[in-house]
Structures are given as structure tokens and as C-alpha cells.
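Visitor: One predicted model, sequence on top.
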Amino acid sequence: MDGTSIAWPQKTRELHSHHFDSTIWNDLVFRDDDIVIATYAKSGTTWTQQIVRQILFGDSKDIAVAEASPWMDLRVPPKEIKLPMVEAQTHRRFLKTHLPFDGLPGYDEVRYIHVARDPRDACMSLFNHWTGMVPFAFELIAASGPPELGPAPSQDIDLRAFWRRWFTRGLLPGMEDGYPDISFVELETSYWRARRRENLLLVHYNDLKADLDGEMRRIAAFLGIDTPAALWPQLVEAASFEAMKRDGPILLGPLGALFEGGSERFLFKGSNGRWKDELSADDHALADKLAERLSPGLRRWVEGGRRVAGDPVASPD
């Protein structure tokens, strides 16, 4: 299908919380070869950043991912500091966001990679992330939002309460899930609706786990990068979860100090399905209720990936 025949999703709203601010994207001067890695939190973001870094730079371990690929909408550091840092980058930029597609400006020349994960696995990983921040890091983020937002959500919560809250409560007006983050349903729906765009690539966490080599080749082809065959196995190994755990202190750089246990906590298990044994039937029912708000094709995609849903671009819904 001709991608130009599909309406580009325009930025229709600004999104604010204690930790994110979408307005920074309005002030960014885009370059034609920019790459935007867009995910729901804890859905393979750092993994995909590492993959893109390997493809762009070769087997590079001396640049922290957060330095090479900054999280643009995070309020820390403020945009007055972050934007000049990004403008000064001379390599092909690959920028991170946790915003829905309609919270971003759209450009035909820019390449967008969206990574999805089963909401139950994303919620489990987000709980570990949220409760694993050291007090200083949490206080820094909590203090970064404007006073009118009120106090930041608390860290003091157990898994079942976090799960119930995430599946039933929204952070911003009109949202019905995702607290203390943005709505999972809204974010995934926004990328699903734009899935036929030629400059948007859908990737799934399950597919990265099942066939890292193949998914990396899809990403490299999408970015128009031809990597020497002799170097390829080295790049795939460096992007494996095991290698990322091993190289975590270098991979994360100063970011690791924001979590109890450092990179070991940030790069926790990388596994799926832990919710099956750690939560009750009532908790599972909440997840099913959220999934009913997704279109059938989108639900198949987020719960299974390409190997279950088939080609998501060809899905009729």
C-alpha cells in the first residue's frame, strides 16, 4: 500500500505529568535522518536503543545509551539543557519517547520505531522499576513537575495494589488505565492506527526474544543501514539480554545509580509471564477487561507479536 495515501496523525494534544512534558518536541529541530524509538514504559525501550546503537555505531560499548539516545519528554534535565545537548549530537540521532503518536509531531522523513509488549508484562516490569528507584531519584522526578500537578504518586505500594491501580485508573483526565504512567490503551491504539505508514516500524518484545537476529535485520533494513556480514554476529550478541546484563554498568552509565542494585535492578529479568503465578484470578480479570478495550487485531498484536498476530500492517482492524 502507498504510505502517502494514509493520513499522518497530527499532534493533537500536549501531555504533562510529574515526569514527562510533551512540549519539548515542539522546540526540537528535526533532521531528515532522525530516528524516534517510541514505547510504553518497560516494553523493550532500552533493548531497542541498544539494538539501534549497535546497528549505527558497530560494537560500541563506550557510550551510555541514555547519553546517545536521550529520553526527550522526561522533565529531567529540563529542556533548556536537554535541547542544546541533542542539537550538538553529530551522529545519526535516535531519540526516546514514551508518548502516544498523537503527542508527537509527524514528519515523513523521520523513521519511527514502536515497540509493544503484553500489558501484563509491562505492568509487572513497571512495578519493579517504580519501586526500585532510590529515594533521591524519586524525589528528583517528583519535584520536577509544576506545583499545580500536586504531589507525585507514591512508591510505597505492593504488587497487587499497583496492578489493580494500573489496570483501572488513569493518570490524566479521560484516561482509564496506566497510573502512575500514561494510558497503555491510548498509546498502543495511536500507533496501531498509523501502522501502515511506510516510516513506522512495529516491533514486539516477544519477537525480539524469539528471533533477535531476524528482528535486528528488520530494523537495520528499515533504517537503510547495510552492516558488514562479518560484524553482524558480534552486534547481535552485544544486543542480547545476557550481554546487556553483563555490560549493564557501562550501558546505563550514571542512570544505574538511580536504582537500588544499579543496572541489575534496571535490567531485571527480561522475562514474560511472571504475572501468571504471582497474581489472583480477580487480578487477571482486570487485565482481560483492559484488553477488551483494544481492537481484535491490536489485542492479538500486543499479547503475542508478529508470530501470533501475523503481519500487523495487513490486519484489517
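Guide: Here it is on my side, so go on.
Visitor: where does residue 289 land on pLDDT?
Guide: Model confidence at residue 289, given as pLDDT, is 97.
Visitor: Then residue 316?
Guide: Residue 316 is given a pLDDT of 87.
Visitor: Now for it, how many residues are close by?
Guide: Neighbourhood size, residue 316 [other CB atoms under 10 Å]: 6. To be clear about C-beta, it is placed using only N, CA and C from the backbone, and glycine gets the same treatment.
Visitor: which SSE is it in?
Guide: Using DSSP states H and E, residue 316 is not contained in any helix or strand.
Visitor: quick one, what contacts it?
Guide: Shown in contact with residue 316 (CB atoms under 8 Å, 6 or more residues apart in numbering): residue 297.
Visitor: ok, it to residue 35 distance?
Guide: To residue 35, residue 316 is 29 Å away according to CB to CB, to the nearest Å.
Visitor: ditto for residue 312
Guide: 20 Å.
Visitor: Tell me which of those two has more neighbours.
Guide: residue 35 (23 against 20).
Visitor: Spatially nearest residue to that one, not counting backbone neighbours?
Guide: In space, and not counting its chain neighbours, residue 35 is closest to residue 94: 4.0 Å by CB to CB, 6 or more residues apart in numbering.
Visitor: Also residue 27?
Guide: residue 83 (6.0 Å).
Visitor: Tell me how many other residues crowd residue 52.
Guide: 25.
Visitor: What of residue 211?
Guide: 14.
Visitor: what's the pLDDT at residue 270?
Guide: The confidence metric pLDDT takes the value 55 at residue 270.
Visitor: Under a three-state scheme, what state does residue 201 occupy?
Guide: Following DSSP: H, G, I helix; E, B strand; the rest coil, residue 201 is assigned to strand.
Visitor: Okay, now the unreliable bits of this protein?
Guide: Counting by pLDDT under 70, the chain shows low-confidence ranges at 1-10, 59-62, 248, 253, 256, 261-271, 273.
Visitor: how near is the residue in it sticking out farthest from the centre to residue 52?
Guide: Residue farthest from the centre of the chain, counting by CA atoms, centre = their mean, is residue 230 at 30.0 Å. Noted for residue 230: a distance of 20 Å to residue 52, by CB to CB.
Visitor: And residue 225, by the same measure?
Guide: Using CB to CB, residue 225 is found at 9 Å from residue 52.
Visitor: Residue 260 too?
Guide: 28 Å.
Visitor: Same check on residue 138?
Guide: For residue 138 relative to residue 52 (CB to CB), the value is 28 Å.
Visitor: Contact partners for the residue nearest the centre of the chain?
Guide: The chain has residue 39 as the residue nearest its centroid, 2.6 Å off, counting by CA atoms, centre = their mean. Contact analysis of residue 39 by CB under 8 Å, 6+ apart lists 45, 48, 96-98, 114-117.
Visitor: would you turn these into TSV with neighbour count and distance to residue 155?
Guide: Shown next, in TSV, are the contacts of residue 39 (neighbours: other CB atoms under 10 Å; distance: CB to CB, whole Å):
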residue	neighbour count	distance to residue 155
45	22	20
48	27	26
96	21	23
97	23	24
98	23	19
114	26	28
115	25	26
116	28	26
117	26	22
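Visitor: Pick the one among those residues closest to residue 216.
Guide: If you rank the contacts of residue 39 by distance to residue 216 using CB to CB, residue 48 comes first, at 9.9 Å.
Visitor: Report the distance from the host helix or strand of the residue nearest to residue 27 to the chain centre.
Guide: Using DSSP H and E, residue 83 maps to helix 79-87. Distance, stretch centre to chain centre, for helix 79-87: 21 Å (CA atoms, centre = their mean, to the nearest Å).
Visitor: buried set for it?
Guide: For helix 79-87, burial by neighbour count (16 or more other CB atoms under 10 Å) applies to 79, 82-83, 86.
Visitor: try stretch 152-167
Guide: 152-153, 157, 159, 162-163, 165-167.
Visitor: For it, report the contacting residues that lie outside it.
Guide: Contact partners of stretch 152-167, identified using CB under 8 Å, 6+ apart, comprise 18, 119, 123-124, 126-127, 130-131, 133, 138, 141-142, 145, 177-181, 275, 278-280, 283, 286-287, 289-290.
Visitor: any idea how far the residue nearest to residue 27 is from residue 29?
Guide: Residue 83 is 9 Å from residue 29, where distance means CB to CB.
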